[in-house]
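**Student:** got a structure for you, letters missing:
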């Protein structure tokens, strides 16, 4: 991994963690090429390291953290909209856009 | 390092008077008793009027915690809590204890007056409690994470894990917990158990937690977790799990069980039997309280979103996982683990920084939450079966 803004936590992971916010329209360098981030993503959020198919496990820390519910393109945001838990459902407020100053 | 020696041989790193209400109806009076003595006296209590063996045992453990030098019990008078049994347990340890019954004292004003006098008298009595040399190996340290975000599991939690490894190596006792927040980690966790039977108990405890939360419909996952980048309970679990470090797991305890020797212990906080009283721990302080009941002298609290809580009785060291939150809330944070993310600090550097602070806080240095007067406390209904023999291998 060459992009210093992205953290690969374990060699087998298919997601990368943001070490800081990435603004909408910025490009990130992945092993497979570059990708453009369509919306601003905050520190600690995840993007796909490579293409992920629906039904595939999302792997972080070298361990599964859920299952993809949609096709996820390399560099795309990986979160509650395209991943479901294999354990108990995630509860998120519909309105989670409240911006925390960074 | 020096500690206040108690009659059971344990040593305290603080010497406070616990003022305990035994039903919500006595809460205001107890709070008013504490008000003029905020440094010397801490407010704890149980709000329920119905009897509960767990609450009784927790209050006994807390009132005889090594950081507690003496106790004032505040009863309304008609609640079910067995104040006499609690007072007897405290008295048997040699601690001064005063029992005030509001209905007997003559109401609010009279009880507040009597309570304030009792706090002053007990604080004076314990002021010259004997201080003796104390080793790192005699420390019991708990850890909890709250207000987690995507940074918690990649900066603060691994740094606490590193600190725990050093403490365990030095012979100290470390406790991590919330099996409901370790769902998905049971396999890797069981592999660290010192015996196969303990491994089976650890797996069973996580299965119990998963079933419990499934009944309730939600995992231990708050809206702020998702906003901060965490997607599923198992992702949060793996991040939380990093707090445990790499040491072998020496035992599985339940709230109030005192670990018999140094090592790393997992605390099972999910009640046994059918789902009866709602969510096991309704907020972070419930977990801190349970680790204190098992003897924790202090708690390492990792937060990404920014929690401000401290605790009654035992200091809380707040570790900021997120560097931006640290900048916004530095008055509340003791350690900036976020520098792992934006300043290139290593997990080892920050782990050693935490270890150093643990020793200083044990020697009397006040944490940020202590300075700010945070003394949060919460205790609710639960029921547990005793742990099995395999949980504490000899």
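**Tutor:** Perfect, I can see it now. Predicted model, so just to flag it, every value in this text is computed and none were measured.
**Student:** Now do the SS call for the most centrally placed residue in chain B.
**Tutor:** Averaging the C-alpha coordinates of chain B gives a centre point, and the residue nearest to it by Cα atoms, centre = their mean is residue B:288 (2.2 Å). For residue B:288, the reduced secondary structure class is helix; criterion used: DSSP: H, G, I helix; E, B strand; the rest coil.
**Student:** Look up the pLDDT of it for me, please.
**Tutor:** What the model reports for residue B:288 is a pLDDT of 98.
**Student:** And for residue A:55?
**Tutor:** The predicted local distance difference test score for residue A:55 is 97.
**Student:** Let me know how buried it is, in neighbour terms.
**Tutor:** The burial count assigned to residue A:55 is 9, neighbours taken as other Cβ atoms under 10 Å in any protein chain shown. Yep, even glycine has a C-beta here, placed from its N, CA and C like the rest.
**Student:** Report the distance from the helix or strand bottoming out on mean pLDDT in chain B to the chain centre.
**Tutor:** Least confident helix or strand, chain B: helix B:223-227 with a mean of 79, by mean pLDDT, DSSP states H and E. For helix B:223-227, the gap between its own C-alpha mean and the chain's C-alpha mean amounts to 24 Å (Cα atoms, centre = their mean, to the nearest Å).
**Student:** Give me the three-state assignment for residue B:299.
**Tutor:** Secondary structure assignment for residue B:299 (three-state DSSP): strand.
**Student:** hmm, back to that, tell me who's in contact with the residue nearest to the centre of chain B.
**Tutor:** Neighbour list for residue B:288: B:142, B:144, B:296, B:299, B:301, B:309, B:311, B:314, B:316, B:376 [criterion: Cβ atoms under 8 Å, 6 or more residues apart in numbering or on different chains].
**Student:** could you point out which element follows the least confident helix or strand of chain B?
**Tutor:** Towards the C-terminus, the helix or strand next in line after helix B:223-227, according to DSSP states H and E, is helix B:233-241.
**Student:** Tell me which helix or strand residue B:144 sits in.
**Tutor:** Under the assignment given by DSSP H and E, the secondary-structure element containing residue B:144 is strand B:140-145.
**Student:** for residue A:24, that is, sorry about that
**Tutor:** Using DSSP H and E, residue A:24 is not contained in any helix or strand.
**Student:** can I assume it is in contact with residue A:37?
**Tutor:** Yes - here residue A:24 reaches residue A:37: they are 6.5 Å apart, a contact under Cβ atoms under 8 Å.
**Student:** is the least confident helix or strand of chain B anywhere near chain A?
**Tutor:** Yes - when contact is scored as Cβ under 8 Å from any Cβ of the partner chain, part of helix B:223-227 falls within range of chain A: B:223, B:226-227.
**Student:** From these, list the buried ones, please.
**Tutor:** With neighbours counted using 16 or more other Cβ atoms under 10 Å in any protein chain shown, the residues of helix B:223-227 next to chain A contain these buried positions: B:226-227.
**Student:** Just checking: what are the partner strands of the longest strand seen in chain A?
**Tutor:** Counting residues, the longest strand found in chain A (DSSP state E) is strand A:63-68. Strand partners for strand A:63-68, identified by DSSP bridges, are recorded as strand A:57-60 (antiparallel), strand A:83-84 (antiparallel).
**Student:** Residue B:177 versus the closest residue to chain A within chain B, what's the distance?
**Tutor:** Evaluated by Cβ to the nearest Cβ, chain B has residue B:150 as its residue closest to chain A, separated by 2.1 Å. Plainly put, residue B:150 is 22 Å away from residue B:177 if you go by Cβ to Cβ, to the nearest Å.
**Student:** Looking at those two, which is more packed in?
**Tutor:** Between residue B:150 and residue B:177, counted using other Cβ under 10 Å, residue B:150 has the larger neighbour count: 30 against 27.
**Student:** List the residues that contact residue A:55.
**Tutor:** When contacts are counted by Cβ under 8 Å, 6+ apart, residue A:55 is found next to A:67-68.
**Student:** how close does it get to residue B:257?
**Tutor:** Using Cβ to Cβ, we find residue A:55 at a distance of 43 Å from residue B:257.
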